[in-house]
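> curious how this folds, go ahead:
(one chain, ligands or ions: 1)
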Amino acid sequence: MVTSDYHHIWDCCCDHGLLGCALLIRKAANNIHFVDIVPELMSELEQKLCLFYENSSWKTHCLNVTNLPLAKYEGKHLVIIAGIGGDLMIKFIEAIFQQYKILNIDFLLCPVHHQYSLRQKLIALDFSLKDEVLVEDNQRFYEILLVTSSSENHYKIHPVGSNIWQAKSEKQNEVTKKYLKKTLNHYQRIQQGLQLSSSKDKINSVQHIINAYHDVSL
Ligand SMILES: C[S@@+](CC[C@H](N)C(=O)[O-])C[C@H]1O[C@@H](n2cnc3c(N)ncnc32)[C@H](O)[C@@H]1O
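Residues are numbered from 1 along each chain as shown. Here you go, the predicted structure:
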């Protein structure tokens, strides 16, 4: 999903930096930026990059993703955030968007949980969809969304996804079926929990999500 349209790719919350390194090897952009908030991780990664990727164009940034210095670098940016909760991802995207409203930034997002609330936030910010896929890996499911802060010429983001349910093979059809079942079970369990303890408003808000997933046709 990473095309060659970008001058700068930001591997945010990069941890071990494997994703950014794969992009370096592929020469996916002129500049690959590695960002993580943990100093020890970043110095270890920097040593590795000096050793193995001396002649490539990379930079490490030990900072909070909310403070990405995008304006310092000219050109088209792709911000990748993967492997963190959708709730934290919402905070990062909101902070970046508030600082760089005039830039058209693409985001490649792979949240762990809270996919529905992440989609709600992207819709509220008027982002648009460029592509989305559903991946099963090691019995876990990942929604991967390529979105842009520009609302022009692209598709609307659907609250529960659109393309991710359009399987093009028998194998992918099995994946979508399993993911839909798992997601519905998850929200139904939340609803049951709320019925025992909580207010009608909260129960209704979960019913709203369950209805949206019930509407998915495979
Ligand atoms: C589970 S790893 C994700 C690794 C990789 N992106 C992946 O998908 O496999 C989460 C990383 O996010 C980093 N992180 C958490 N909060 C952060 C923040 N506010 N700014 C930058 N990095 C952060 C952590 O230090 C950790 O290395």
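> where does the prediction get shaky in this protein?
For the chain, the stretches with pLDDT under 70 are 153, 198.
> please identify the buried residues of the top helix by length along the chain?
Across the chain, the longest stretch assigned as helix under DSSP state H is helix 170-197. Within helix 170-197, the residues that count as buried by 16 or more other C-beta atoms under 10 Å are Gln172, Val175, Thr176, Tyr179, Leu180, Thr183, Tyr187, Gln191, Leu194. Every C-beta, even on glycine, is put in place using the N, C-alpha and C of the backbone.
> helix or strand for the residue of the chain found nearest the ligand, just tell me which one.
Per C-beta to the nearest ligand atom, Gly83 is where the chain lies closest to the ligand, at 2.5 Å. Following DSSP states H and E, one finds Gly83 within strand 77-85.
> who are the packing partners of that strand?
For strand 77-85, the elements it packs on are strand 8-12, helix 86-99, strand 106-112, judged by 3 or more C-beta pairs under 8 Å, 6 or more residues apart in numbering; DSSP states H and E.
> who in this protein is up against the ligand?
Taking C-beta under 6 Å from any ligand atom as the contact definition, the chain meets the ligand at 13-15, 35-38, 41, 64-65, 82-84.
> give me the domain ranges for this protein.
Domains of the chain are assigned by automatic domain parsing as 8-164, 167-218.
> what about the shortest one, start to end distance?
Using C-alpha to C-alpha, to the nearest Å, the end-to-end distance of domain 167-218 comes out at 8 Å.
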